[in-house]
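> the following comprises the amino acid sequence and a computationally predicted model.
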Amino acid sequence: MFLTKEEEKMADGEYGETIRKSMDILIALGDIYGAEKFVDIKSAQVSGVSYKTIGEAGLEYLQDLAAGAEIIYNENGTISDKSGIATISATLNPAGTDLDNWREFGFPIDFAKKQVEICDAYGALGISTTCTCTPYLIGNVPRFGDHVSWSESSAVAYVNSVIGARTNREGGPGALAAAIIGKTPLYGYHFDENRKATLSVDVECKLERADFGALGYYVGQIVKDGVPYFKMQNKTHEIASGNLKALGAALASSGAVALYHVEDITPEYGNAGLEEVDEKITVTKDDILETREKLSTAEGYADLVCLGCPHASLEEIQEVAEIVKGRKIKNELWVCSSISVKAAADRMGYTKQIEDAGGHIVLDTCMVVAPIEQMGYEVIGVNSGKAANYVPSMCGLKVIFDDIENLLDFE
Ligand code: F3S
């Protein structure tokens, strides 16, 4: 890779160990993927946060990296220099616990303590510990065409497809290194030619609610790491941002999709090169129904209904609040979201409506990266194709995939 003089100094350790180690990672990635140079980025989103997924080795790595990071102050208390601290807007993916209310929700104590240490290390590196997979709902919102380095697969799919910023499917260490350096190797989805459609998908039926996750799961298996182009029966106003985030999350979980286009909706569909696409499939109502059935590994009663995969927006929390308002839920109910979205839900009264019905808005974590298998739950109810795909493999628990009303039991 070509390095500027300044990048060479960073790589040689002139600005400290944290920057040197970060450059090592980025140069290695650049070499692996054939990047010729770096590109400046506007934002980073860093995965690899839950103690369940990164364990003791990940914690030690982060603490070691954070030990080399420092902020140098002037005598009057203003910041003179930062070394090894994130230089751009950077947010964290979900952790393994609700960071503030882990006792209330019964998270294991030892696990929760480790989780706090992990988040402290990220905080010392200047990564905002907002712990969400929907950072675009809470202010980490790049603009169309911006180069970014994001690593949570559902967020990658959203930021590439719906916002039109440009990222590869980064790993956690790569996105962290990019946050610190403010650059990423220039290859892959950063180039126009790699953002063209590879598969045309004609969806023959109108979709509702959890159907979007089922569609994503079905097509992800076929398209793998390609770029699907969807033609929908739904009118554009019938497809909400929440539907797109559910679609992208499922595509990225059953396949390795980083980018998709939806005709008349996503910003780059007109440049997707549809006329050049040879491979075409149609998706029927039967395909959606069969996929919905296949995504469930149990039926009947879910002892924990866990919504918000990817993390719920204010509108999605409102929807849950309207369903449960004035009723008593039998199941345990978690609506997973971020601290900023919950603040808005508190203001709007949605949190109270959900809590009065016996449910909770759980922050910072989710049904996949939390240690729910250690918390006494057996059957998890989800309305997300991604969660339905991962709960059995990541948690070893049974899952029921359905729309919210069908998952909840009321007294
Ligand atoms: Fe987010 Fe967890 Fe789903 S990280 S996308 S809520 S599996």
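Ah, there it is.
> surely F410 and K330 touch.
Yes. With contact defined as C-beta atoms under 8 Å, F410 reaches K330; the gap is 6.5 Å. For every residue, glycine as well, the C-beta is placed using N, CA and C.
> closest residue of the stretch 1-150 of the chain to the ligand?
Residue of the stretch 1-150 of the chain nearest the ligand, by C-beta to the nearest ligand atom: C133 (3.2 Å).
> where does that residue fall, helix, sheet strand or coil?
Using DSSP: H, G, I helix; E, B strand; the rest coil, the structure places C133 in coil.
> quick one, helices of the stretch 251-400 of the chain?
285-295, 314-324, 339-348, 350-356, 385-390 (DSSP state H, counting those that start in this stretch).
> JSON lines for those, including mean pLDDT?
As requested, those are exported to JSON lines (pLDDT from 0 to 100):
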{"stretch": "helix 285-295", "mean pLDDT": "98"}
{"stretch": "helix 314-324", "mean pLDDT": "98"}
{"stretch": "helix 339-348", "mean pLDDT": "98"}
{"stretch": "helix 350-356", "mean pLDDT": "98"}
{"stretch": "helix 385-390", "mean pLDDT": "98"}
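> what does the stretch 201-350 of the chain put close to the ligand?
249, 309-311, 336 (C-beta under 6 Å from any ligand atom).
> spell out, range by range, the strands that occur in the stretch 151-300 of the chain.
In the stretch 151-300 of the chain, the segments counted as strands under DSSP state E, counting those that start in this stretch are 183-185, 199-203, 228-231, 261-262, 280-283.
> who are the packing partners of the lowest-mean-pLDDT helix or strand in the chain?
Sorted by mean pLDDT, DSSP states H and E, the helices and strands of the chain end with strand 79-83, the least confident at a mean of 74. Packing contacts for strand 79-83, counted by 3 or more C-beta pairs under 8 Å, 6 or more residues apart in numbering; DSSP states H and E, involve strand 70-73.
> who does the strand it packs on pair up with?
The pairing partners recorded for strand 70-73 under DSSP bridges are strand 79-83 (antiparallel).
> work out the gap between the strand it pairs with and the centre of the chain.
30 Å (C-alpha atoms, centre = their mean, to the nearest Å).
> which residues are in contact with that strand?
15-16, 18-19, 68-74, 126 (C-beta atoms under 8 Å, 6 or more residues apart in numbering).
> drop anything exposed from these.
15, 18-19, 68-69, 126 (16 or more other C-beta atoms under 10 Å).
> would you check which pair of those lies furthest apart?
Pairwise distances across the buried ones among the contacts of strand 79-83 (C-beta to C-beta) peak at 14.4 Å, for the pair Y15 and G126.
> residues in contact with the residue of the stretch 1-150 of the chain closest to the ligand?
Contacts of C133 by C-beta under 8 Å, 6+ apart are 93-94, 152, 154-155, 310-311, 366.
> and it, what are its phi and psi?
In terms of degrees, to the nearest 10, the main-chain angles of C133 are phi -90, psi 0.
> show the pLDDT at it.
pLDDT for C133: 98.
> now do E70
E70 is given a pLDDT of 82.
> how about the contacts made by the nearest residue to E276 once chain neighbours are set aside?
Nearest residue to E276, sequence neighbours excluded (C-beta to C-beta, 6 or more residues apart in numbering): K196, at 6.9 Å. With contacts defined as C-beta under 8 Å, 6+ apart, K196 is in contact with 227, 271-273, 276-277.
> with that, I have no additional questions.
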